[in-house]
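In: I need the structure of the sequence given here:
(chains A and B)
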Amino acid sequence: MATPHPLIDADWHQVLLYRPQGPVTVGQFLSEAMSLADRLTEPSAQRPGLHPFVVNICQDQYHFMVGFVAIILAGKTNILPANDTPAALSQLMAGEPHALCLHDRKAFAPPYPHMIYPASTNVPLRTPSKPNLDSAQIVARVFTSGSTGLPVAHDKSWGKLVAAVQAGAQRMGLDTRPMNLVGTVPPQHMFGFESLVLLCLISGCPLWSGRPFYPADIAAALNAVPEPRMLVTTPFHLKALLDAHLPLPKIERLLLATAPLSRALAERAEAATGAALFEIYGCTETGQIASRRTTQSEDWALLPGVRLSPAPANLGEHLFIAQGSTIKTPTVLADRIQMQPDGRFNLLGRTADQVNIAGKRSALSYLTAQLKAIPGVIDGVFFLPDAPPTQAINRLCALVVSPTLSLQEILSALRERLDAVFLPRPLIGVAHLPYTASGKLPQATLHSVLAAHLARTSPLPATWHIGGDHPAFSGHFPGYPLLPGALLLDWVIEQAAAEWQVPSTELGIEQAKFLLPVRPGALIRLILAPIAAPVAASIAASAATHRSFSVLVDEAVVASGMLRHRSPV
Amino acid sequence: MPDTTQALIDELAQLITEGLNLDINPKEIDADAPLFGQGLGLDSIDILEIAMLISKRYGFALRSDDTDNTRIFSSLRHLATHIAAHRST
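Out: Here you go, the predicted structure:
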């Protein structure tokens, strides 16, 4: 039995949003949304016919919010695309022939029905009754990456969204003390949609209209709203903000999602801001389902109304189905999970196909399908390398087989189809993929193709020409001068320290083998490479702290072994 | 002062390729090509990392409400000009 829920749960004169030009009350906001709703229902040459769906790609949070509510008031459904590159939008619009695209981009003239967000006009203040929505009404359609390469749509009903957001708000104490929200995440993705758009509409938390990006922007946005403040962000933006050491105003709550946060960073964030930090766990299909206070516990506590039950064993170990009053369709979670006796749970890691790059999720099978769909590409595969030691963000890598296209052409085609964070770095052209006899592509093999590529293309190979007059050769040994192994290892450490930009005192040689003597006049060359996963497991080494090294003279390996950094670099 | 700008462009090319671990020789970066999209192909994650590198090296913070923000990242040359005008170190 459907029950009505208010679309905006706040009083008429209450502030709903803060804009650079000043606060906007519920009354002003609704008047503007109703005016836009009128325009959305009248057909024009640009957008003939009826449009039951409106793709809302407005970038300004205020435009998005007015658009979101106007679309609902016009009796239509918001489509929130996961990816708004031109090709992704064209594909989406082609699949929804009755959709209209609402945007706030300048110089954007796509070939499908579209409407630019109206420039600010003085909308007369109306005094309608506050709108209520049927709880079963579908207000938004969101997407996940399907493994076939086609996005999968998920419809969100107002009642389920309200239930999930209220449960989250209660967990963070926002039901009794609403806070002013500043967000760095897009409103079209589930985290921003629930934790900015819906917290604002449902839980009376006024929202800052901008989407700050640089640390200085975030600090300015926080200063632009009154206390109490809540910052909704990702681990990536939070780390950048803390590293910038800017003066920040008092923050009561930090809310993070998209990628698990380390306890150390959470502690640092709480110490620097005075905020209580919460993390939200969920996915596009289910919305938010659990939270944790990261500085207090590693375990996640389910939101009221959500339960997890083991998935059928044939799907894999440690997989669970989430269902409950806030979830429309029971969903197998993409993370492997360990349930605790008290009902809390631990995340064990993502299933092998799932990737998370700087907080954005996709599936390797989806990315691979997109690569193979490019005309001229015969075969290809995406994979996730071990994290390189000097980079905070681990990037994807792809192998591609194409006799007709250049790598640049393939990258351009991918850029049209994928969010830029998923573009391969590097994209490696190969004659054929390294399939096993059973037609598989083992991770270790893919990693070794990458390691060989990096060794080949390393722009500045560390080399050392050892002159015959080097003092080490005198007396070492008479008549048969050799470079002492200790000297060679010192050189390896020095080069690795320079490459990783760490003090050489923090590096140690874990293993070393000397295979051939190094004679006077040799030109030696160093190659550092990630260690293969099976090797890492067998010696309890970590990809974050260990690198294998090879010292070459011409193409012969004269020494090899493993380097260790004291802490992850 | 074109020489100073050129020196800064070279320094930035080095800073960016090393900081982002790009598979490219810094000397091959076209100072007038776009940094985003079709040019060097950087994305918003890179831009934030570059902003961190710039604030550490040159002692000032980038802001997106700088009126000419799109211009700043439109090429290495524009980025260098912006840094030259705002650097404190």
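In: What is the one helix or strand B:Ala80 maps to packed up against?
Out: Assigned by DSSP states H and E, B:Ala80 belongs to helix B:76-86. Secondary-structure packing of helix B:76-86 (3 or more CB pairs under 8 Å, 6 or more residues apart in numbering or on different chains; DSSP states H and E): helix B:2-19, helix B:44-58, helix B:69-72. Where you see a C-beta, it was placed from the backbone N, CA and C, and this is true even at glycine.
In: want to try CSV for these, with distance to chain A and mean neighbour count as columns?
Out: Formatted as CSV, these follow (distance: least, CB to the nearest CB, whole Å; neighbours: other CB atoms under 10 Å in any protein chain shown):
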stretch, distance to chain A, mean neighbour count
helix B:2-19, 8, 16
helix B:44-58, 5, 19
helix B:69-72, 9, 15
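In: Could you verify my assumption that A:Val55 touches A:Ser90?
Out: No - using CB atoms under 8 Å, A:Val55 is not in contact with A:Ser90, being 11.2 Å away.
In: what number of residues lie near the closest residue to chain A within chain B?
Out: When scored by CB to the nearest CB, chain B has B:Asp43 as its residue closest to chain A, at 3.4 Å. The local packing of B:Asp43 (other CB atoms under 10 Å in any protein chain shown) involves 18 other residues.
In: Show the pLDDT at it.
Out: Note for B:Asp43: predicted pLDDT of 75.
In: Would you double-check that A:Leu450 falls in a helix?
Out: Yes - looking at A:Leu450 with DSSP: H, G, I helix; E, B strand; the rest coil, it is inside a helix.
In: Now for it, how many residues are close by?
Out: 20.
In: so it touches A:Ala398, yeah?
Out: No - applying CB under 8 Å, one finds A:Leu450 not in contact with A:Ala398, separated by 9.9 Å.
In: Need the overlap of contacts for the two.
Out: Residues touching both A:Leu450 and A:Ala398 by CB atoms under 8 Å, 6 or more residues apart in numbering or on different chains: A:Ile428.
In: Quick check: phi and psi at the residue of the stretch 351-500 of chain A found nearest chain B.
Out: With CB to the nearest CB, the shortest gap between the stretch 351-500 of chain A and chain B falls at A:Ala420, namely 3.4 Å. When read as degrees, to the nearest 10, the backbone of A:Ala420 gives phi -60, psi -30.
In: what's the closest residue to it other than its chain neighbours in contact with, if anything?
Out: Using CB to CB, 6 or more residues apart in numbering or on different chains and skipping the chain neighbours, the partner closest in space to A:Ala420 is B:Asp43 (3.4 Å). Neighbour list for B:Asp43: A:420-421, A:423, B:36 [criterion: CB under 8 Å, 6+ apart].
In: try 10 Å
Out: Contacts of B:Asp43 were listed using CB atoms under 10 Å, 6 or more residues apart in numbering or on different chains, and they are A:357-358, A:415, A:419-423, B:35-37.
In: Make a PyMOL selection of the buried ones in the residues you listed.
Out: With 16 or more other CB atoms under 10 Å in any protein chain shown as the criterion, this PyMOL line picks the buried residues out of these:
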select buried, (chain A and resi 357+358+415+419+420+421+422+423) or (chain B and resi 35+36)
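In: Narrow the contacts of B:Asp43 to those in strands?
Out: A:Ile357 (DSSP state E).
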